[in-house]
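Visitor: only geometry, no sequence info:
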């Protein structure tokens, strides 16, 4: 599966400025869902397909008004399966595209998310998480889709998922999601939640000229002799890394895209060698750019004995109990996962060598805490502060788990559910 001889170098990803018509700038008091929509528009999104679902409907509503104002297209589809398919098709027509949904809709999108990954199709999917499973709690918060984001579609692949903490960051990370999607030719997830999506706060929208907007690596009409063009080129060296340049329908190239295992031209090839080539490329192109993808935020990590690891609204609500714990003399650090997938293994591994314990607050019964356990590899204790959904974690709950992790109280004094490995033994210390 090597590149055909004679194919000239193609355009790398471009940093463009987009079009200024109809774009918002300045300071706004804005709903998180609306901030996501405005971030998408500034990133160059001009196609949205979706189906109304609480608590993500406000994104679709905003896009239905705003996209026509900037020359874009909004379509309400018959369901979430069709929505995901539609944004894949729009992307292959050369348009940046996105959808937004919540739990049940996210489940319906999983098959075509996998199709987008196999077709190497840039697009963005925002999941405003609510309590599940099934219909669950349509109007109330949850963070129960985090493992589904990583493993929800079948087969081996890598996924990129970002988790915002505020409406401002929901705006910022939606732009970043589009940039990563275009750069790596892959769907990117924004895993927000009902609290952040329905929170109204100040959002600063900078002028377009101050933003870096990435455009996909692309072949235009006349760049390459049609017979030499390969839509899935194997090119591990050079500016593009493992990312093949894309072509839009109508540019004069004969292309074939399929979810079947395929060759460089996109045509089905049914053997183990072709499959190994396909899947290795899908995985390697993300792994090769981990340093560009991964984002974490840390505070007070140098002297920490306990580190709170969290994401989304749970990271935000952990700040107060961390402050209270530090006032009690517990040396608590804070590590916020802005990129949740690929999981930031290395920061966790490094911290595990020098601390007593991790505490992982999240609105589920223990998902990302298991990734922290994997990376800690027995070098540090790991505890989860958990609830099934419907409300944020209360400060006293997180504070109790921090005290437990620091050895200040026994497990029976923790006033709410706490994930803890059965093999973990907690020694209670008495401060003089």
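Guide: Arrived safely, thanks for sending. Because the structure is a prediction, the values reported are computed rather than measured.

Visitor: right, and residue 103 touches residue 140 too?
Guide: No - the pair residue 103 / residue 140 is not scored as a contact, 11.2 Å apart, by CB atoms under 8 Å. Glycine gets a C-beta too; all of them are placed from N, C-alpha and C.

Visitor: mind listing the shared neighbours of those two?
Guide: 130-131 (CB atoms under 8 Å, 6 or more residues apart in numbering).

Visitor: show me where the chain has its helices.
Guide: Secondary structure of the chain, counting by DSSP state H: helices at 32-43, 57-69, 80-92, 103-119, 146-151, 167-184, 194-197, 272-287, 290-293, 312-317, 319-327, 345-352, 368-376, 395-405.

Visitor: any chance of those helices in CSV, plus mean pLDDT and distance to residue 134?
Guide: What follows is those, written out as CSV (pLDDT from 0 to 100; distance: least, CB to CB, whole Å):
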stretch, mean pLDDT, distance to residue 134
helix 32-43, 98, 23
helix 57-69, 97, 19
helix 80-92, 97, 15
helix 103-119, 98, 7
helix 146-151, 98, 13
helix 167-184, 97, 26
helix 194-197, 98, 16
helix 272-287, 93, 31
helix 290-293, 94, 32
helix 312-317, 98, 22
helix 319-327, 97, 31
helix 345-352, 98, 32
helix 368-376, 97, 22
helix 395-405, 96, 26
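
Visitor: can you redo the ones you listed as a markdown table with distance to residue 135 and mean neighbour count?
Guide: Output for the helices of the chain, formatted as a markdown table (distance: least, CB to CB, whole Å; neighbours: other CB atoms under 10 Å):
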| stretch | distance to residue 135 | mean neighbour count |
| --- | --- | --- |
| helix 32-43 | 20 | 28 |
| helix 57-69 | 15 | 19 |
| helix 80-92 | 14 | 22 |
| helix 103-119 | 7 | 21 |
| helix 146-151 | 16 | 19 |
| helix 167-184 | 24 | 25 |
| helix 194-197 | 14 | 28 |
| helix 272-287 | 33 | 16 |
| helix 290-293 | 33 | 13 |
| helix 312-317 | 21 | 24 |
| helix 319-327 | 32 | 17 |
| helix 345-352 | 34 | 18 |
| helix 368-376 | 24 | 21 |
| helix 395-405 | 26 | 24 |
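
Visitor: how about JSON lines for the ones you listed, with distance to residue 230 added?
Guide: Shown next, in JSON lines, are the helices of the chain (distance: least, CB to CB, whole Å):
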{"stretch": "helix 32-43", "distance to residue 230": "28"}
{"stretch": "helix 57-69", "distance to residue 230": "33"}
{"stretch": "helix 80-92", "distance to residue 230": "16"}
{"stretch": "helix 103-119", "distance to residue 230": "15"}
{"stretch": "helix 146-151", "distance to residue 230": "30"}
{"stretch": "helix 167-184", "distance to residue 230": "18"}
{"stretch": "helix 194-197", "distance to residue 230": "41"}
{"stretch": "helix 272-287", "distance to residue 230": "12"}
{"stretch": "helix 290-293", "distance to residue 230": "25"}
{"stretch": "helix 312-317", "distance to residue 230": "40"}
{"stretch": "helix 319-327", "distance to residue 230": "50"}
{"stretch": "helix 345-352", "distance to residue 230": "33"}
{"stretch": "helix 368-376", "distance to residue 230": "36"}
{"stretch": "helix 395-405", "distance to residue 230": "52"}
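
Visitor: closest to residue 255 out of those?
Guide: Among those, the nearest to residue 255 by CB to CB is helix 80-92 (8.5 Å).

Visitor: now the closest one and helix 103-119, what's the angle there?
Guide: Helix 80-92 and helix 103-119 are oriented at 30 degrees to each other (axes from the mean of the first three to the mean of the last three CA atoms, to 10 degrees).

Visitor: and helix 80-92, how far from the chain's centre?
Guide: Mean-position distance between helix 80-92 and its chain equals 18 Å (CA atoms, centre = their mean, to the nearest Å).

Visitor: related to what we said a few turns ago, can you tell me which of the helices of the chain is nearest to residue 259?
Guide: The nearest among these, by CB to CB, is helix 103-119 at 4.8 Å.

Visitor: tell me the gap between that closest one and the middle of its chain.
Guide: That offset, for helix 103-119, works out to 14 Å (CA atoms, centre = their mean).

Visitor: which neighbouring elements make contact with that helix?
Guide: helix 80-92, strand 97-101, strand 123-131, helix 146-151, strand 187-193, helix 272-287 (3 or more CB pairs under 8 Å, 6 or more residues apart in numbering; DSSP states H and E).

Visitor: which among the ones you listed is found nearest to residue 367?
Guide: With CB to CB as the measure, helix 146-151 is the member of the helices and strands packed on helix 103-119 nearest residue 367 (4.8 Å).

Visitor: list the contacts of that closest one.
Guide: Residues contacting helix 146-151 (CB under 8 Å, 6+ apart): 106-107, 110, 127, 159, 161, 189, 191, 311, 340-341, 343, 362, 364, 367-368.

Visitor: make it 7 Å
Guide: Here helix 146-151 makes contact (CB atoms under 7 Å, 6 or more residues apart in numbering) with 106, 159, 161, 189, 191, 340-341, 364, 367-368.

Visitor: and if you look at stretch 353-370?
Guide: Against stretch 353-370 from outside (CB under 7 Å, 6+ apart): 141-144, 146-147, 304-311, 314, 318, 340, 372, 376, 379-389, 392-393, 398, 401-402, 405-406, 419.

Visitor: in ChimeraX, how would I select just the buried ones from those residues?
Guide: This is the ChimeraX syntax for the buried subset of the contacts of stretch 353-370, where burial follows 16 or more other CB atoms under 10 Å:
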select :141,142,143,144,146,304,305,306,307,308,309,310,311,314,318,340,372,376,380,381,382,383,384,385,386,387,389,392,393,398,401,402,405,406,419
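
Visitor: filter the contacts of stretch 353-370 down to just the ones in strands.
Guide: Per DSSP state E, strands hold the following members of the contacts of stretch 353-370: 141, 306-310, 340, 381-386, 419.

Visitor: report the two of these separated the most.
Guide: 141 and 381 (27.5 Å).
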